[in-house]
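Engineer: sequence-free structure coming up:
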């Protein structure tokens, strides 16, 4: 008996091209759908900031209002709540935290990546374990300690718990691992000290990682409501989320147009910062993720 063997023909170039187009179309459709889903709250916030109160919760959603009410909403938000003061407080807190985090994390990460000493794997394991500790866990002992020291209702009380960032140590350690050892050895032979190697040789090549971590740090602490709500009761020291909570409950009330305008003003610095540093942010995430 003869068995007829089925001959499978290779796909034609047209079929291959169609498959690629279909796969690309599906991938882009999923990405566009996710982007639209994430941008919808911002679109609603922006449109609410320029609408009169009667148009915000209408049954039919309109991107552009029938009556432009943006100037009144922004004027009401700026006159009712000291938003500029909240923005200044946010800049002070986020900037202070970021500077100290970089000053502490970069030498620690360099030591874990390039220096050989007993117990280095154990220390790195402790860093990884530190990533698993939620910020709420040490809140009570930190509050009691700050109360005993008398530093509640200060900028320092909002910044001090975040001066040491285990995430920054982990991120920079992963980046420094790929730095050529030959350059560091050559610098040591020339009599350059370790701290000088870190700040003058290694750090200039780590700007993508620094930019990526800076975005993470600033966004996290700019939007932080939990810790400032615990240690701050003076509205003059309120960060943007805490300040908006105070005035949303007391003065702005049900004026959702002014609330949306205030939220737009508070969100704008983060969007601008990300747009400025987006290339370094993407490069830092990509380069540290490969290692």
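Structural biologist: Okay, I see it. On a predicted model such as this, the values are computed, not experimentally measured, just so you know.
Engineer: what is the helix or strand hosting residue 38 packed up against?
Structural biologist: Under the criterion DSSP states H and E, the helix or strand holding residue 38 is helix 13-49. If contacts are counted by 3 or more C-beta pairs under 8 Å, 6 or more residues apart in numbering; DSSP states H and E, helix 13-49 sits against helix 70-80, helix 256-290. Using the backbone N, CA and C atoms, a C-beta is placed for each residue, glycine as well.
Engineer: figure out which of these is closest to residue 105.
Structural biologist: helix 256-290 (13.2 Å; C-beta to C-beta).
Engineer: what's the angle between the closest one and helix 70-80?
Structural biologist: Angle, helix 256-290 to helix 70-80, by axes from the mean of the first three to the mean of the last three C-alpha atoms, to 10 degrees: 90 degrees.
Engineer: run the chain-centre distance for helix 256-290.
Structural biologist: A distance of 8 Å separates the centroid of the chain from that of helix 256-290, by C-alpha atoms, centre = their mean, to the nearest Å.
Engineer: all numbers from here: first residue = 768
Structural biologist: In the new count, where the first residue is 768, that last one comes out as helix 1023-1057.
Engineer: got the angle for that helix vs helix 780-816?
Structural biologist: Angle between the axes of helix 1023-1057 and helix 780-816 is 140 degrees (criterion: the same axes, to 10 degrees).
Engineer: following the chain onward from the helix holding residue 805, which element is next?
Structural biologist: Once helix 780-816 ends, the next helix or strand along the chain (criterion: DSSP H and E) is helix 820-823.
Engineer: and that following helix, what's buried?
Structural biologist: 822-823 (16 or more other C-beta atoms under 10 Å).
Engineer: now swap in stretch 800-815 and tell me
Structural biologist: 813-815.
Engineer: what's the closest of those residues to residue 975?
Structural biologist: Residue 975 lies nearest to residue 813 out of the buried residues of stretch 800-815, by C-beta to C-beta, at 30.8 Å.
Engineer: low-confidence stretches in this structure?
Structural biologist: Where the chain drops to pLDDT under 70, the residues are 768-775, 1014-1021, 1047-1048, 1050-1058.
Engineer: domain ranges for it?
Structural biologist: With domains defined by automatic domain parsing, the chain comprises 781-843, 849-1016.
Engineer: which of these sits closest to residue 1026?
Structural biologist: Nearest to residue 1026 among those is domain 849-1016; the distance by C-beta to C-beta comes to 5.7 Å.
Engineer: which one of the buried residues of stretch 800-815 is nearest to residue 882?
Structural biologist: residue 813 (49.7 Å).
Engineer: separation between the closest one and residue 1038?
Structural biologist: Counting by C-beta to C-beta, to the nearest Å, the separation of residue 813 from residue 1038 is 11 Å.
Engineer: ok, the residue positioned nearest the centre of the chain to residue 918 distance?
Structural biologist: Most central in the chain under C-alpha atoms, centre = their mean is residue 983, positioned 2.8 Å from the mean C-alpha point. From residue 983 across to residue 918, the span is 26 Å (C-beta to C-beta).
Engineer: and residue 777, by the same measure?
Structural biologist: Using C-beta to C-beta, residue 777 is found at 73 Å from residue 918.
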